[in-house]
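Peer 1: 3D model of this:
(2 chains)
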Number of protein chains: 2
Amino acid sequence: MTDALYLEDLTVGQTFVSPTHALDAAQIKAFAGAFDPQPFHLDETAAKGTFFGGLAASGWHTAAITMKLLTATTPGIAGGLIGAGGEISWPQATRPGDVLQVTSEILEVKPSRSRPERGMVTMRSETRNQRGEVVQVLVSKLVVPKRHPG
Amino acid sequence: MTDALYLEDLTVGQTFVSPTHALDAAQIKAFAGAFDPQPFHLDETAAKGTFFGGLAASGWHTAAITMKLLTATTPGIAGGLIGAGGEISWPQATRPGDVLQVTSEILEVKPSRSRPERGMVTMRSETRNQRGEVVQVLVSKLVVPKRHPG
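Peer 2: Next up is the predicted model:
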């Protein structure tokens, strides 16, 4: 963590690229069984007659994998990746066989007025599959510490 | 699914209450190990010196449990719970021992102009712990089929 980034190190337009994650049907079904047990996330045959037309990952599974990829992105943020919230959308389904990768861009860096030791960073993270298609867009607000408070 | 709700059955102000989910440290660590391996989600001692001051669930774990509780809420929505996206925030941390429950309210019901067989519903879901404290607010856009298309 010696090269971890503080608020002072972040600038608008800076980008970060994550490692990749290969998704398969077993992972999709395991996550869905625990957290989103709907037919289109659990069973190929049952999924055919649904909105998705075939097995698709839960959007929350895509979000969780995105988080895993963000935590594996270097350099990291000092104190860790701490999100206060954000906006999320899933422009298209994540499917078995997809290889996911996250590209993030800093949109805003804002020191806190009330808390001199930290600030808020807005980051846009696009999760793409192996064909470059965007399967998730997350615009998140992150709590980031300052290297030199005050 | 005979009493599943279609777009015509949903009205602004309608509310739904989910079952509950009891969260413990083992679940928090298991989710974090798979998707959000940061010290404050993995280890009580390491968590003490962090922003959270103690073990806390990943926000994405809270989101996943919320989804589980929404899928277990009756009556369900015809065709399942299919989200296009939404806004999420975590006003406070989810902790070991928390018992989570989700209360949802319909904010908007909007038939699609281009797709006569369905519409978009905006729903606000508040996830609370056993003390009634809100640990997550999710305002989601759901794709909901019509009972009588066109």
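Peer 1: which secondary structure elements does the helix or strand hosting residue A:21 contact?
Peer 2: Secondary structure here is read from DSSP states H and E; on that basis residue A:21 sits in strand A:15-22. Strand A:15-22 is packed against helix A:59-71, strand A:99-111, with contacts defined by 3 or more C-beta pairs under 8 Å, 6 or more residues apart in numbering or on different chains; DSSP states H and E. C-beta coordinates here come from the backbone N, C-alpha and C atoms, glycine included.
Peer 1: neighbouring contacts of that strand?
Peer 2: If you take C-beta atoms under 8 Å, 6 or more residues apart in numbering or on different chains as the criterion, strand A:15-22 is touched by A:65, A:68-70, A:72-73, A:98-106.
Peer 1: which of those residues lies closest to chain B?
Peer 2: In terms of C-beta to the nearest C-beta, no member of the contacts of strand A:15-22 lies closer to chain B than residue A:68, at 4.7 Å.
Peer 1: tell me how far the closest one lies from residue A:102.
Peer 2: 9 Å (C-beta to C-beta, to the nearest Å).
Peer 1: contacting residues around the most centrally placed residue in chain A?
Peer 2: Nearest to the mean C-alpha position of chain A, counting by C-alpha atoms, centre = their mean, stands residue A:66 at 3.2 Å. Residues in contact with residue A:66 (C-beta under 8 Å, 6+ apart) are A:100, A:102, A:125, A:127, A:136, A:138.
Peer 1: near chain B, from these?
Peer 2: Counting by C-beta under 8 Å from any C-beta of the partner chain, nothing from the contacts of residue A:66 sits close to chain B.
Peer 1: reformat those as TSV; add distance to residue B:115, pLDDT and neighbour count.
Peer 2: As requested, the contacts of residue A:66 are exported to TSV (distance: C-beta to C-beta, whole Å; pLDDT from 0 to 100; neighbours: other C-beta atoms under 10 Å in any protein chain shown):
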residue	distance to residue B:115	pLDDT	neighbour count
A:100	28	98	23
A:102	30	98	24
A:125	29	98	22
A:127	26	98	26
A:136	22	98	23
A:138	26	98	24
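Peer 1: in chain A, which segments are predicted with low confidence?
Peer 2: Low-confidence regions of chain A, defined here as pLDDT under 70, cover residues A:1-2, A:150.
Peer 1: kind regards, and thank you for your time.
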